[in-house]
Structure formats: structure tokens, C-alpha cells
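Peer 1: fold the stuff below for me.
(6 chains)
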There are 4 protein chains.
Amino acid sequence: MPDTADSQGKEQPRRRQARGERRIAQLLQAAANVFCSTGYTAASTNAIAREAGVSPGTLYQFFPNKEAIAIELSDRLVHEMRETYGEALAPVDPGTPLEEAVGAAVDRFIAFNTEHPVLFALMHGPDIPGRIAEEHDALHSTLAGRIEGLLAVFLPDAPPADVTRTAHVCLGIYKAGLELVLAHEGAEREAYVRELKNVLVRYLDPLVCDGLGRTDPTGLPRTAT
Amino acid sequence: MPDTADSQGKEQPRRRQARGERRIAQLLQAAANVFCSTGYTAASTNAIAREAGVSPGTLYQFFPNKEAIAIELSDRLVHEMRETYGEALAPVDPGTPLEEAVGAAVDRFIAFNTEHPVLFALMHGPDIPGRIAEEHDALHSTLAGRIEGLLAVFLPDAPPADVTRTAHVCLGIYKAGLELVLAHEGAEREAYVRELKNVLVRYLDPLVCDGLGRTDPTGLPRTAT
Amino acid sequence: MPDTADSQGKEQPRRRQARGERRIAQLLQAAANVFCSTGYTAASTNAIAREAGVSPGTLYQFFPNKEAIAIELSDRLVHEMRETYGEALAPVDPGTPLEEAVGAAVDRFIAFNTEHPVLFALMHGPDIPGRIAEEHDALHSTLAGRIEGLLAVFLPDAPPADVTRTAHVCLGIYKAGLELVLAHEGAEREAYVRELKNVLVRYLDPLVCDGLGRTDPTGLPRTAT
Amino acid sequence: MPDTADSQGKEQPRRRQARGERRIAQLLQAAANVFCSTGYTAASTNAIAREAGVSPGTLYQFFPNKEAIAIELSDRLVHEMRETYGEALAPVDPGTPLEEAVGAAVDRFIAFNTEHPVLFALMHGPDIPGRIAEEHDALHSTLAGRIEGLLAVFLPDAPPADVTRTAHVCLGIYKAGLELVLAHEGAEREAYVRELKNVLVRYLDPLVCDGLGRTDPTGLPRTAT
DNA sequence: GATGAATGAGGATTCATTCAT
DNA sequence: TATGAATGAATCCTCATTCAT
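Peer 2: All right, here's what the predicted structure looks like:
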């Protein structure tokens, strides 16, 4: 009756990894909690270790510093995002109306953010303009990339630089909107969600038209409210 | 027969302002520098004192803590903003085209931000969503208020709650845009400025009623770029 | 054209002293307040100056340091004590029963202490045994001296060293009792006052009146040295 | 067959006591030294750490603040007192003459105090009357409790409130006496010890009599020297 | 005399990180 | 691996005291 599995002596690497994985998950979860409640900057490694119920030394066995924790956390979130929503942020059928696509994307993003509140803390990058920390950067680029992918569908002819820029603008808008959304509750929150969608749709709509004169078969403005 | 100053009794509050007022300015300048280079959260009072070339004790003679410095700094910035641009953010003639008004406002804001880079650090509020610190809050409310005033001209019939919400959205957009603008230079920066204006104009345009009620049946941006 | 009063040249000392005395009284009062509310050790000169409504510099114009304030305060208290109760703590008629004399003395002491609560803070000397600070020492010796004077009446034949020692013991008892008295209120306080008197009377009674063979009706040990 | 500690799950609270327990003892010893030489109020955690030869951080790994150190120190002293002298301060046979009991108790107390001089610093509670700090309070209550236990033997019929009050008075007397004792040396110290015993015996003797008319079989003053 | 500015060492406390076990 | 002990610099802030005005 083996009290613990790894007492059998075989396959230690596997087991060790197993335990290690568990520890890592545990630490990341703790880090997420701490980042959420105190913010990334104010979070301390000791606090994370405490929250995880392990000693500081243990934490440093898996992560060289706070930044590494944030990076790994970001990576896992990105990974889970991909798992959940597929490679493209939204596997859009090119015929989808912009409004619908944006609405769906925002809803998904917000749902994901709500489920993983730490995302907000991680996204909330640069205390200092222009000096985006590495840990946030990874997440940031990934998000921007996904948005870019989504945009590519709607702006097939736009120069890449423009698409990239537009993606960054969208991400900025989203972050700002998310902040407002999270800061409110109930009906007001809903209202902010709607506004966020409006901002994005109205911003993107003319660009979509510009692209290649793709006109709505109806000849009417594509995104009638 | 007043033989000495203390026979007057009143007027205790502030004397010997000469050196003191200078020191305060010096400290605020130093604080601005430190906030800019390390961010508000990471800035330390000792660092500010060092930057100002005074001892920690001196700093504490004028400010009880970092927050107070930030608040005073914000107050002065707001004050200067008012001095520079007048009470309303832009004294708009109601007939002004939205695009023009927004463009002017953004240009002014950006100019002011460029001249006072610390504004960005101060605006960059909540590490933690929903928990905006007092020092940022004051600045935030002021900015939101100014935007609201501007919007009131264009949205005379909208319910106040909507105007407030719209102002917050605009401020969010502006902050996000500013971040992007500041993160780039040269032509790219110009491009981001343009995008920022676009976002705002397109967002606001459908909300605007041309004096006689919203006539846009589509609700879509009337001022396609 | 005298811009300030003291440019007249006459009678400066008088005026200076007058104002100075006022300042000193003001500072001492403030010090008393601060000593009472924070204790002597924790009291800061800045706090005293603030309480007095003057600048730290002014304080140091009159007192070289905290200790000097305490000493002066003690001196004035001792002086007032003398003024109020005369040179001897109680001008006792040798025939007075011990109980009465002690009761009166304790009542007076407590009354004085209640009226001048700072006395307690000042008496509460040595954080460190054997190292009585100078400031407390002055007060202490004075009090001990007064008690000694009182005792001399009742112990005319005792060797001086014994009288001194007994006085110190009485003062110690009194201080301890006062602490208990001040720590309680109402009936309980009264009870402690009674106990304090009991302790002193019973302690002194056997020592008293070897002289004429006043015998102790209680049969309690009178001379157990 | 537990291969690693974490397979047990329980028992987390304290491990690795070897070094830690030693450090704690070392820190407490250092604290005792510092409390003795500078007094409790003036003692600083940094000074304690320095005295212990460790860094400030180490101290804070074991104690959250100065108060906690004082409390732990008090607890250990009380514990050792109990170990040394048993649960009751003196396991008195009810027939023991008061004088003897008091004498023994005082001797023990003084011996203990002499061996653990920090006790004095810890007992010396309130800088401010009525505001006894927690750390001193614990010690104080314990001592008062022990005295109360001792008194209960001699005052079996007295109302509990009276016994408590009497115990507090005795403790006060003892503290005052101890101060005097410690402030002297040699013969003079001996003399003060004798006086202290006298004070206590004479104070308590009448109370004992009151109780139930327990009369000395000899009919003589019970505490003849 | 009076002021308030200035000091800098020292107070408590925290933190990222390392190390011996 | 995991632990908890250890570190020392850095945090914010206070204090007694001095000095120019």
C-alpha cells in the first residue's frame, strides 16, 4: 500500500515532473490571486509563496523571479485562450457582419477576462510609457496578434503596417473598455459593454469599407443598428 | 501697539514661503521626474528627495506622504491646464463640426501631455480594477469632468448618465491612445494620433444631434474618413 | 521710525522677560499635555512645540532639550506644591494621630496629582533600575525630602539613615498606590485610596513614637527593623 | 513509508526548529539585554537584532514587532517561574505564619528578579497611567494572579474583589520595593528588603485576622520579630 | 525673539533572493 | 525537492537639533 506514488522508486523523473507540475500550478494560482488582490507591481514573491502554502525557497526552485511567474502565467492564459477559442480569436466566416464579429469577440474576451481576472492585472502593463515590461509584452503581443488575425479577415487589402496599428488601437480600446466594464456592475456594466462594442465597430467599419470596396450586397450601411 | 508679530494672532498658516514655496516646487519637479522614470507605484519618497537634492526629512516637512505629492502635482497640473486652455476644455461654438472639435481637443491634450509627461504616470491609475487610488481619482474626475463639459455641447439632449458614461469612455480611449502615441515616434506617432482622433470622432458622431435631433437613420458614422 | 518694538532701546530686559515668561509657561503647559498623553519617553520636542503652537526653534530658544523641560516643569510643580501646602508637607502637630496625618497627606498628594496629572508622568522615572534620570531625580528628591520632613515629626529618635530609607519606602508605596488609584474610578478608586492609606499607616505605625511609649493598641510589630 | 515530508500533509506549523529555536532564544536573550540597558520603551528592534548579531530581517522572521518579543519574553519568564517555584507562588501550609510566608515569597521573587533582571523592565509598565500595554499586562496579570493565589490561603473568607484588590496592592508594593532594592547594594539593599517585607506583612496582617478570627494559639502578636 | 526650513541618522518593517539542511 | 532561516539593502517616516532669515 504505497502511501505516495513516488515511493516505488521507478520512474522518478516522471513523478518528479508530476509533483513539479503540481507545484507550479499551485504557485501560478497563488500568484494569480495575489496579482489580483494587490496588483502586479505590489505583489511580492514572499506573499505568493505564502498564498501557495510553500516556502520562498520552493518558489525560487521553479521561478527565478517575479517576472518569470508573470510570464509563465501569461503563457498559460494565452494557451488556455487558444484551447478555448481556437487559433484565431474568432474563426470568422468572411461574410460575417462586422458588428456581429466584434460583438462576439468582445463577449468572448470579456468572458475570458471575467473567468481569469488576473489577465487584467497582467495586461495592465507599463507604469512607464514606452517601457513595457517583458512579462506584459508577451501577453500583449499575443493578444495583438490574435486581434490582427481577426482583422486580417476584414481588411485583406490593407497594408500590414496599418493592420498592425489598427490591431494595437483595438487592443488599447479593449483594455480601456475592460477597465470601465470591470469597474461597474449590473446594468451599468452592460451599458459599458455596449459602448465598448460601439467604439470598436464604428472605428473599424469605415476601414472595412475602404479595404476593397467590398460592399454590402444590400447596398446599405452594413452595420445598421 | 503691536510690538511683535505674535501680537497679531491671526495669519499663522503660512509664512516664510520664500524658501518653502521654492522647495515645494523643487520637490514636485523631482517627483514628476521620478514618477516619469520609474512610474508612480515604484517611486519612493527617498528617491524623490534624492532627486530634489534634499534630505528625506525635508520632503516630509512639506508632504505627509507620496500620495500627497501626487495629489498636489495633479492639482497643479489641472490648474495649469485651466490656465492654459480656459475653463472648458475647448470653448466650442456649437456649430463647430465634431471632427474639428475633437481634433483640436486631442491636439491640445496631447500637447499638454507632451509638455507634462508626468500626467501620464499620474493618470495611470489602478493597478487593481475598481480600486482607483485617491490621488489618481482627483485627476481622473477632473479630466472626465472637462470632457463631459465638452460633450454637453454636442449632446444637449442626452440623459446626464449617458453623457457621463460617454465621457468616461472617451477618457478611456484617450488614455489608451495616448499610451500608443507616446510609445511611438515620428510618422508612426502621427499615424496613431490620427487613429485616436478617428476612434473618437466615429464613436461620438452617431451620438451627436445636430440641433434638430438625430437624423442619421443608419446610426453609422457620418463623417467617414 | 522704529520698525519693531525693541528698537526703542529702553527696558528691553523687562519686556523680553515678560514675553519670555509667557512663552515658557506656554511651552511647559504644552509639555505637560504631551507628557500626559504620550508619556515622557515617547514625547517629542516637535510635538511639544506643535502643541504650544510655536516653532521648534522657539522651543530651543528656551530649553536646550527635552530633559530641561521636564526639569523646569518639575521645579514649577514643586514650587506650586510648596506654595499650596506650605514648606512641610503637612505642618503636623506632633500630637496628631498617625492615621490622621497620613490620611491628610495622602489626600493632599492625590488632590495635587489629580490637578496636575503630569506629575505622574514625571515621577514615573526610571525605565532602567538604578539609572534614574536627572529630570525625575530632582522631583523625586524633593518629594522624598518632604516626606522625610513629615516623618521627622513622628520619628524623632530614629537615626537619619532610617528616616531617609523610610521616606523612600513611603514614596515608593505612594507612587505604586497612585498608579492603582489613577487606574480606577468611582468606588474602586476610593477603595484603593483607602488601601493606600492603610498600607502607609500600618507600615509607619510600629515605627512611631518610641519617644513617649505611645503603645500600639493593635499589638502589631512596631519596630521590626 | 513517508519518503518526503509533504506526504504527511499535517504538522506544517513549525519545522526546522533546530536553528530557529536557537535563534529565537538568542533574540530573546538579546532583547532582555537591551530592555535592561535601555528600558523597554527606548529599545529598538534594530538594536535587539544587532545585539543578537543578526540582521533586522532575521528578527522579523520570528517576531512581528517589539511587543511580540516582550510578550514572548514575559511568557517564558512566567513559565520558568512556574517551573522553578511551582504553580502556587509558595505552596503554603495554611498554618504558616504570615511573616514567614511573605518573607519566603519576597525572597523568591527577588531572587528570580535578580536572576532575570529583564523582569523589572517588563514589569515596568505604563508610561501612561491607565494605559497598560498588552505586553506588560500579560505579565502583570500573571503576577497578580500568583499573588492572589497566595493570598487566598490567608484570606479564605474575604470577598474575591477584595482579594483581587489586595493582590494588586501587594504587587504594587512589591514593584516599588523591588525598585528600591535594586537601586541599592550591600547592607542598604538588605535593609530595603527587610522594609519591603515589613510593609507587606503589616499590610496583610490585619486582613488575615479579620478573616475568621484565626487567632494565634499563643495569644501573642502573631508576627513578633 | 521667532520662524520654518533643513538635516541625517535612526526608527520599524519588507523584500527579493540565497543557502544550509 | 522542500524547507525555513538568513540577509542587507530599501522602504516610509520621525526626531532632536541647528541655522538662516
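Peer 1: now the helix or strand hosting residue A:194: buried residues?
Peer 2: If you go by DSSP states H and E, residue A:194 is part of helix A:186-212. Using 16 or more other Cβ atoms under 10 Å in any protein chain shown as the burial criterion, the residues of helix A:186-212 that qualify are A:191-193, A:195-209. Just so you know, the C-beta spots here come from the backbone N, C-alpha and C atoms, and that holds for glycine as well.
Peer 1: mind jotting down where the helices sit in chain A?
Peer 2: With helices called from DSSP state H, chain A shows them at A:12-38, A:45-52, A:56-62, A:66-85, A:98-115, A:118-123, A:134-154, A:160-182, A:186-212.
Peer 1: mind putting these into a markdown table with mean pLDDT and distance to residue B:110?
Peer 2: Formatted as a markdown table, the helices of chain A follow (pLDDT from 0 to 100; distance: least, Cβ to Cβ, whole Å):
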| stretch | mean pLDDT | distance to residue B:110 |
| --- | --- | --- |
| helix A:12-38 | 81 | 31 |
| helix A:45-52 | 94 | 38 |
| helix A:56-62 | 94 | 43 |
| helix A:66-85 | 88 | 30 |
| helix A:98-115 | 91 | 27 |
| helix A:118-123 | 88 | 23 |
| helix A:134-154 | 84 | 22 |
| helix A:160-182 | 95 | 15 |
| helix A:186-212 | 88 | 18 |
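Peer 1: out of those, deepest packed?
Peer 2: Of the helices of chain A, the one with the most neighbours on average (mean count of other Cβ atoms under 10 Å in any protein chain shown) is helix A:118-123, at a mean of 23.
Peer 1: that one near chain B at all?
Peer 2: Yes: counting by Cβ under 8 Å from any Cβ of the partner chain, chain B is contacted by helix A:118-123 at A:120, A:121.
Peer 1: output the contacting helices and strands for that helix.
Peer 2: Counting contacts by 3 or more Cβ pairs under 8 Å, 6 or more residues apart in numbering or on different chains; DSSP states H and E, helix A:118-123 is packed against helix A:12-38, helix A:66-85, helix A:98-115, helix A:134-154, helix A:160-182.
Peer 1: can you tell me how far the closest residue to residue A:35 other than its chain neighbours sits from residue A:179?
Peer 2: Of all residues not flanking residue A:35 in the chain, residue A:121 sits nearest, at 4.2 Å (Cβ to Cβ, 6 or more residues apart in numbering or on different chains). Distance, residue A:121 to residue A:179, by Cβ to Cβ, to the nearest Å: 11 Å.
Peer 1: over to residue A:171?
Peer 2: For residue A:171, the distance to residue A:179 equals 13 Å [Cβ to Cβ].
Peer 1: again, but for residue A:185
Peer 2: 14 Å.
Peer 1: same question, residue A:192
Peer 2: Between residue A:192 and residue A:179 the computed distance is 9 Å (Cβ to Cβ).
Peer 1: do the same with residue A:160
Peer 2: Here the distance between residue A:160 and residue A:179 works out to 29 Å (Cβ to Cβ).
Peer 1: give me every residue in chain A lying close to DNA strand E.
Peer 2: A:42-47, A:56-57, A:59-60, A:64-66 (Cβ under 7 Å from any atom of the strand).
Peer 1: hmm, which two among the residues you listed are most spread apart?
Peer 2: Greatest spatial distance in the residues of chain A next to DNA strand E: A:42 and A:57, 22.2 Å, computed using Cβ to Cβ.
Peer 1: the domain parsing of chain A - what is it?
Peer 2: A:8-63, A:69-212 (automatic domain parsing).
Peer 1: can you list the ones you listed in a markdown table and add distance to residue B:24?
Peer 2: A markdown table is the format used below for those (distance: least, Cβ to Cβ, whole Å):
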| stretch | distance to residue B:24 |
| --- | --- |
| domain A:8-63 | 27 |
| domain A:69-212 | 25 |
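Peer 1: columns distance to DNA strand F on top of the ones you listed, output as JSON lines?
Peer 2: As requested, the domains of chain A are arranged in JSON lines below (distance: least, Cβ to the nearest atom of the strand, whole Å):
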{"stretch": "domain A:8-63", "distance to DNA strand F": "2"}
{"stretch": "domain A:69-212", "distance to DNA strand F": "14"}
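Peer 1: circling back to that earlier point, which of the residues of chain A next to DNA strand E lies closest to chain B?
Peer 2: residue A:42 (6.5 Å; Cβ to the nearest Cβ).
Peer 1: run a quick neighbour tally on the closest one.
Peer 2: The number of residues packed near residue A:42 is 14, by other Cβ atoms under 10 Å in any protein chain shown.
Peer 1: may I have the predicted confidence score for it?
Peer 2: pLDDT for residue A:42: 86.
Peer 1: that one against residue B:40, yeah?
Peer 2: No: with contact defined as Cβ atoms under 8 Å, residue A:42 does not count as touching residue B:40 (11.6 Å).
Peer 1: if we can go back for a sec, and the residues of chain A next to DNA strand E near chain B, which?
Peer 2: Within the residues of chain A next to DNA strand E, those near chain B by Cβ under 8 Å from any Cβ are residue A:42.
Peer 1: of the residues of chain A next to DNA strand E, closest to residue B:141?
Peer 2: Ranked by distance to residue B:141 (Cβ to Cβ), the residues of chain A next to DNA strand E are led by residue A:42 at 23.4 Å.
Peer 1: give me phi/psi at the closest one?
Peer 2: Backbone torsions of residue A:42, given as degrees, to the nearest 10, read phi -80, psi -10.
Peer 1: could you check how far it is from residue B:64?
Peer 2: 20 Å.
Peer 1: residue A:58 too?
Peer 2: Counting by Cβ to Cβ, the gap from residue A:58 to residue B:64 is 39 Å.
Peer 1: try residue A:48
Peer 2: Distance from residue A:48 to residue B:64, by Cβ to Cβ: 31 Å.
Peer 1: which of the residues of chain A next to DNA strand E lies closest to residue C:34?
Peer 2: When those are compared against residue C:34 (criterion: Cβ to Cβ), the nearest one is residue A:42, at 35.9 Å.
Peer 1: dump the helices of chain A to CSV, plus distance to residue D:143.
Peer 2: Output for the helices of chain A, formatted as CSV (distance: least, Cβ to Cβ, whole Å):
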stretch, distance to residue D:143
helix A:12-38, 43
helix A:45-52, 37
helix A:56-62, 40
helix A:66-85, 48
helix A:98-115, 58
helix A:118-123, 52
helix A:134-154, 56
helix A:160-182, 56
helix A:186-212, 59
